[in-house]
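got a sequence here, can you build the structure:
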Amino acid sequence: MIVENSLEHGFLPAVWDFLTMQFQLASFFYTFSMGTRAHFFGRTILHGGAKYQATGRGFVVQHKSFAENYRLFARSHFVKAIELGVILIVYAANSDLAANTFVYIIMTISCWFLVVSWIISPFLFNPSGFDWLKTVYDFEGFMNWIWYRGVLAKADQSWETWWYEEQDHLRTTAVGIYVSISYAQDKFAAKEHIKYRLTQLIVITLTILVIVLLLKLTTFIFLDLVSSLLAFIPTGWGLICIAQVLRPFLQSTVVWDTVASLARLYDMLFGVIVMAPVAFLSWLPGFQSMQTRILFNHIQQGAPDISYSYWQKVQLTGKEYSSTGSAKLTFDYNY
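Here you go, the predicted structure:
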């Protein structure tokens with residue numbers, strides 16, 4: 001970017017423009033918007049159901065609650081950022097490379113920036129996003145939304161309604177799996193029964209052979225198989241995602257109530273993790289004023305010009321100038 005701009009404006013202006021963009025948090029905004037596009041493009045390619053999704057291009061002048069931000073960005077940004085952060089922490093704890101702090105920082109700084117930008121960006125560009133009282137009220141509203149159990153409630157009122165809406169795109173995946181299994185079973189079991197049974201025999205034989213070889217040639221024990229499964233699916237969140245795909249088969253059983261309860265607890269945990277840095281920054285004195293200054297910098301710079309233009313208009317029309325009105329106008333724009 002610096003090289004490209006330096007060809008048009010010179011090196012020093014290009015460096016100054018680059019620094020100005022960083023102070024205006026342009027990198028955070030761009031990274032977050034790219035995450036939105038990547039998530040919904042990927043979902044549409046995998047599951048279909050294309051629809052319009054806002055990418056945050058508008059200029060927001062009204063405070064959005066934490067619950068609303070969580071509903072919009074939980075699956076596309078917050079959960080992915082938390083997963084990536086956990087991976088980076090595990091890597092730092094178990095990798096020999098992490099012993100060299102400088103090398104670890106150089107290798108992972110871009111990933112950590114991605115984590116921070118995906119978690120904090122909705123609040124950086126949210127007016128009064130770091131006001132302490134609003135943060136407290138937002139957290140109370142988020143907890144009320146999590147535990148609300150209305151039957152006919154909308155997604156912005158009840159977590160359960162929102163949770164069901166968020167997994168609507170998995171219906172095609174579940175139906176596809178069911179149709180594929182049914183088609184294969186009908187084709188091979190009914191028409192070519194011998195090949196169907198032969199395939200079953202080969203799969204079972206290979207599985208038993210691998211386990212026997214592991215037991216005889218290595219220190220493998222049966223519990224290692226369980227550990228491998230837990231490593232492949234490291235968290236309960238992975239199990240919940242699998243259960244959502246199998247929803248047509250599980251919803252009529254008692255297992256589904258357990259899945260919904262666990263998903264509620266996970267979303268509550270994710271919400272607390274996302275809220276923690278927001279609460280800390282809200283607690284810091286002066287951070288809210290700095291955020292307001294960054295967001296409304298252009299309005300603040302334009303306030304004297306607007307007041308002066310208003311003064312000229314009053315003088316040209318011959319109307320009496322009111323100092324109170326001018327002060328009120330200047331105060332409104334500077335705020």
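
domain parsing for the chain?
Per the record, the chain has its domains at 2-170+272-284, 172-263, 296-334, by automatic domain parsing.

comparing these, which yields the minimum mean pLDDT?
Note on these: domain 296-334 shows the lowest mean pLDDT, a mean of 45.

how much space between F139 and L198?
59 Å (CB to CB, to the nearest Å). Heads up, the C-betas are built off the backbone N, CA and C, glycines and all.

who's more crowded, these two?
Counted by other CB atoms under 10 Å, F139 and L198 do not tie: F139 has more neighbours, with 18 against 12.

which element, helix or strand, includes that one?
Following DSSP states H and E, the helix or strand that holds F139 is helix 132-147.

for the stretch 51-200 of the chain, which segments are assigned as strands?
With DSSP state E, counting those that start in this stretch as the definition, the stretch 51-200 of the chain shows no strands.

so where do the helices sit in it?
With helices called from DSSP state H, counting those that start in this stretch, the stretch 51-200 of the chain shows them at 66-73, 79-94, 101-124, 132-147, 159-166, 171-185, 193-217.

now the longest helix seen in the chain and helix 79-94, what's the angle there?
Longest helix of the chain, by residue count under DSSP state H: helix 255-283. Going by axes from the mean of the first three to the mean of the last three CA atoms, to 10 degrees, helix 255-283 is angled at 80 degrees with respect to helix 79-94.

returning to what we had before: closest one to L284 among the helices of the stretch 51-200 of the chain?
L284 lies closest to helix 132-147 among the helices of the stretch 51-200 of the chain, at 9.6 Å (CB to CB).

give the buried residues for the closest one.
Across helix 132-147, burial judged by 16 or more other CB atoms under 10 Å covers K134, T135, D138, F139, F142, M143, W145, I146.

and if you look at stretch 103-120?
Applying 16+ other CB under 10 Å to stretch 103-120 flags Y104, T108, L114, V115, S117, W118, I119, I120 as buried.

ok, so of those, who is nearest G129?
I120 (9.3 Å).

residues contacting the closest residue to H77 other than its chain neighbours?
Closest residue to H77 apart from its sequence neighbours, by CB to CB, 6 or more residues apart in numbering: W118 at 4.2 Å. Contact analysis of W118 by CB atoms under 8 Å, 6 or more residues apart in numbering lists T31, F32, G35, H77, F78, K80, A81.

can you lay out the residues you listed as TSV showing neighbour count?
Formatted as TSV, the contacts of W118 follow (neighbours: other CB atoms under 10 Å):
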residue	neighbour count
T31	17
F32	24
G35	20
H77	24
F78	21
K80	19
A81	23
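
list just the nearest of those to L269.
L269 has its nearest neighbour among the contacts of W118 in F78, at 11.1 Å by CB to CB.

quick revisit: show me which pair in the buried residues of stretch 103-120 is furthest apart.
Once CB to CB is applied, the buried residues of stretch 103-120 give Y104 and I120 as the farthest pair, at 21.8 Å.

quick one: L25 from F296, how far?
13 Å.

swap in G42?
35 Å.

these two: who's more crowded?
F296 (18 against 11).

how far away is that one from E68?
In terms of CB to CB, F296 sits 21 Å off from E68.

could you do P122 as well?
9 Å.

compare those two and say which is more crowded by neighbours.
P122 (24 against 17).
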